[in-house]
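# Fold the following.
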Amino acid sequence: MALLSVVLPAYNEEQNIGNTARTLGELLESCGIDYELVFISDGSVDGTFGEIQRAAAGNPRVRGAEFSRNFGKEAGIFAGLELAGGDAVIVMDCDLQHPPEVIPQMWKLWQEGAEIVEGIKSDRGRESLGYKLSAGLFYRIMSRLIRMDMKSSSDFKLLDRKVVKVLLTLPERNTFFRALTFWAGFRTESVTYEVQERRFGESKWSFFSLMRYAVTNATSFSTLPLQAVTVMGVISILFSVILAFQTLVRYLTGTAVEGFTTVILLILIIGGFLMLSLGVIGHYIARIYEEVKGRPKYIISRTTENVPESVKGIWKKP
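As a prediction, this is how the structure comes out:
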């Protein structure tokens with residue numbers, strides 16, 4: 001019988017672990033799906049890993065690991081993919097905002113030959129106006145930068161084992177999971193779902209964290225911001241030429257006036273372009289610096305007892 005692995009990254013989700021393990025277990029058993037649940041505690045500072053251990057003690061199909069510190073959701077996803085042993089792997093949020101009821105539909109599409117099943121949001125649920133606006137801005141930025149429609153995409157998706165193997169062979173440290181599945185290709189199907197309300201706790205995402213996430217992922221997946229630097233340089237040059245021509249005409253016609261305001265504006269505009277350009281270039285240099293150091297995506301400090309000894313306490317490399 002084929003095995004389904006469900007990867008669940010968690011950061012300070014102590015209240016959700018037990019309910020999630022129980023809900024998913026009951027659903028998958030009722031559908032006759034052979035499964036395992038892989039929880040990854042991303043350096044949580046509450047009792048998240050303790051709850052994972054408790055869930056694993058009560059259900060041998062549950063296992064998990066904890067990072068030595070917070071490495072981010074992307075690292076949590078890839079650690080889960082590495083620990084997962086299923087023929088198909090589903091990645092979803094452990095707060096069950098990704099509805100478990102969609103899993104049997106994903107599983108059926110996989111059995112029919114789909115190699116990637118994308119979860120597409122049909123409704124974002126009862127999110128605050130500020131969060132919806134920031135999320136909408138995030139997806140518009142990402143869609144423009146990576147030239148893929150990311151508006152309704154999410155981390156909720158099923159991957160065939162061959163897709164998981166491809167993703168795990170990628171050498172880069174800075175990854176963007178949901179875009180990499182688009183990049184990988186393969187036969188893709190989709191299912192729609194409505195974002196569910198969190199039963200416990202609060203979202204860990206804010207406007208600023210989403211924007212930081214957008215910038216990091218954009219520069220790790222696209223070179224368009226670097227091309228924008230060239231565009232800003234061209235605009236700056238054209239603006240300077242126009243001002244220079246205007247100044248020369250006024251000088252020759254004897255209508256030249258004090259140029260203090262013009263000079264100040266020109267300095268501010270060109271200076272702003274230069275600083276922004278240096279910032280973009282500096283961000284890419286930082287990404288290069290992080291990549292060439294070759295440090296691992298994450299460090300596993302502890303695992304549940306049913307995880308193989310080979311992954312305990314070692315530096316996990318891409």
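# how deep is residue 58 tucked in, by neighbour count?
Residues near residue 58, counting by other C-beta atoms under 10 Å, number 12. For every residue, glycine as well, the C-beta is placed using N, CA and C.
# And the pLDDT at it?
Reported pLDDT at residue 58 in the predicted model: 88.
# what's the answer for residue 219, then?
In the predicted model, residue 219 carries a pLDDT score of 65.
# Also residue 203?
According to the per-residue confidence, residue 203 scores 57 in pLDDT.
# same question, residue 266
The predicted local confidence for residue 266 comes out at a pLDDT of 69.
# and what of residue 246?
As predicted, residue 246 sits at a pLDDT of 70.
# what about it, which helix or strand?
Residue 246 is part of helix 224-252 when elements are defined by DSSP states H and E.
# Look up the residues forming beta bridges with the closest residue to residue 61 other than its chain neighbours.
In space, not counting the residues next to it along the chain, residue 61 is nearest to residue 36; the distance is 5.0 Å by C-beta to C-beta, 6 or more residues apart in numbering. Residue 36 has the following beta-bridge partners by DSSP bridges: residue 5.
# And residue 36, how close does it get to residue 267?
When C-beta to C-beta, to the nearest Å is the yardstick, residue 36 and residue 267 sit 62 Å from each other.
# Those two: which is more packed in?
Between residue 36 and residue 267, counting by other C-beta under 10 Å, residue 36 is the more crowded of the two (21 against 10).
# Would you agree the more buried one is in contact with residue 88?
No: under the criterion of C-beta atoms under 8 Å, residue 36 is not in contact with residue 88, lying 11.3 Å apart.
# List the residues that are in contact with both of those two.
Listed as contacting both residue 36 and residue 88 by C-beta atoms under 8 Å, 6 or more residues apart in numbering are 3, 4, 5.
# In TSV, list these along with distance to residue 100, pLDDT and neighbour count.
Compiled in TSV, these are given as follows (distance: C-beta to C-beta, whole Å; pLDDT from 0 to 100; neighbours: other C-beta atoms under 10 Å):
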residue	distance to residue 100	pLDDT	neighbour count
3	17	91	16
4	12	94	23
5	14	93	24
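# Go through the residues you listed and name the one nearest residue 281.
residue 5 (40.4 Å; C-beta to C-beta).
# ok, that closest one - contacts?
Neighbour list for residue 5: 35, 36, 37, 38, 84, 85, 86, 88, 89, 90 [criterion: C-beta under 8 Å, 6+ apart].
# Columns pLDDT on top of the residues you listed, output as a markdown table?
As requested, those are exported to a markdown table (pLDDT from 0 to 100):
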| residue | pLDDT |
| --- | --- |
| 35 | 92 |
| 36 | 93 |
| 37 | 94 |
| 38 | 93 |
| 84 | 89 |
| 85 | 86 |
| 86 | 89 |
| 88 | 94 |
| 89 | 95 |
| 90 | 94 |
